[in-house]
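*Asks:* Requesting a structural model of the entry that follows:
(one chain, ligands or ions: 1)
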Amino acid sequence: MASATSPSLLSPVSPASSPTGSFPSSPPPAIIVSPCAACKILRRRCVDKCVLAPYFPPSEPLKFTIAHRVFGASNIIKLLQELPEAQRADAVNSMVYEANARLRDPVYGCAGAICQLQKQISELQAELAKAQAEILNMQCQNANLVEFICQEMSQNQENCPQDQPNENSPFFFDENILGVAWEPLWT
Ligand SMILES: [Zn+2]
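*Replies:* Below you'll find the model as predicted:
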């Protein structure tokens with residue numbers, strides 16, 4: 001473990017504004033922002049144009065810790081420097097995601113999650129195909145049933161005589177029955 005007083009090899013040696021204030025004519029120093037999470041963890045000075053600072057704010061130290069553990073700081077920096085600025089945030093998110101997956105599943109990492117999701121997709125696709133086949137089958141049955149009912153109805157209409165004399169009159173509630181039934185109520 002290097003002592004805290006020795007300057008890190010990574011930190012650029014530059015005459016930063018000294019705390020003694022030996023240059024009274026110089027403009028007031030810019031607001032001192034805390035070092036970015038990456039520089040804090042790497043124990044180096046966060047320079048003005050720190051490539052990591054926009055993506056690893058001090059409020060989220062875990063983000064860098066995880067990415068650093070899997071990819072290594074130099075690889076992260078190298079990768080970011082090779083990319084246009086517009087793509088760096090996505091790259092960092094991707095690295096952090098991949099690092100998280102790798103820590104959770106050291107053998108397969110992200111590929112494990114992808115395989116699992118693809119398996120889930122194929123299972124759901126099979127289930128969907130089965131359901132669609134069932135729907136088709138039911139629609140066929142429905143159509144057959146409708147056809148059958150139509151045929152039955154047309155046959156019945158042909159067999160049924162149109163004007164049947166109404167011999168069996170339903171008036172069997174004749175006065176006698178009613179009289180017997182109602183008599184006790186009035187006596
Ligand atoms: Zn920094």
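
*Asks:* Quick one: mean pLDDT for the strand or helix carrying Asp90?
*Replies:* Taking DSSP states H and E as the criterion, Asp90 maps to helix 85-104. In this model, helix 85-104 has an average pLDDT of 96.

*Asks:* and what of stretch 37-49?
*Replies:* For stretch 37-49, the mean per-residue pLDDT is 94.

*Asks:* buried stuff in it?
*Replies:* For stretch 37-49, burial by neighbour count (16 or more other CB atoms under 10 Å) applies to 37-39, 41-42, 44-46. The C-beta positions use only the backbone N, C-alpha and C, and glycine is treated the same way.

*Asks:* Check stretch 81-88 too.
*Replies:* When neighbours are counted by 16+ other CB under 10 Å, the buried residues of stretch 81-88 are found to be Arg88.

*Asks:* List, one by one, the residues from this structure near the ion.
*Replies:* Counting by CB under 5 Å from the ion, the residues of the chain lying close to the ion are 36, 39, 46, 50, 52-53.

*Asks:* Now the strand or helix carrying Ile66 - C-alpha only, PDB.
*Replies:* Element membership for Ile66, per DSSP H and E: helix 61-71. What follows is helix 61-71 as a C-alpha-only set of coordinates in PDB (Å, rounded to 0.1, in the frame of the first residue of the first chain):
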ATOM      1  CA  PRO A  61     -19.600   5.700  -6.600                       C
ATOM      2  CA  LEU A  62     -20.900   2.100  -7.100                       C
ATOM      3  CA  LYS A  63     -21.200   2.500 -10.800                       C
ATOM      4  CA  PHE A  64     -17.400   3.000 -11.200                       C
ATOM      5  CA  THR A  65     -16.500   0.400  -8.600                       C
ATOM      6  CA  ILE A  66     -18.400  -2.300 -10.500                       C
ATOM      7  CA  ALA A  67     -17.200  -1.300 -14.000                       C
ATOM      8  CA  HIS A  68     -13.600  -1.000 -12.600                       C
ATOM      9  CA  ARG A  69     -13.700  -4.400 -11.000                       C
ATOM     10  CA  VAL A  70     -14.600  -6.100 -14.300                       C
ATOM     11  CA  PHE A  71     -13.000  -4.000 -17.000                       C
END
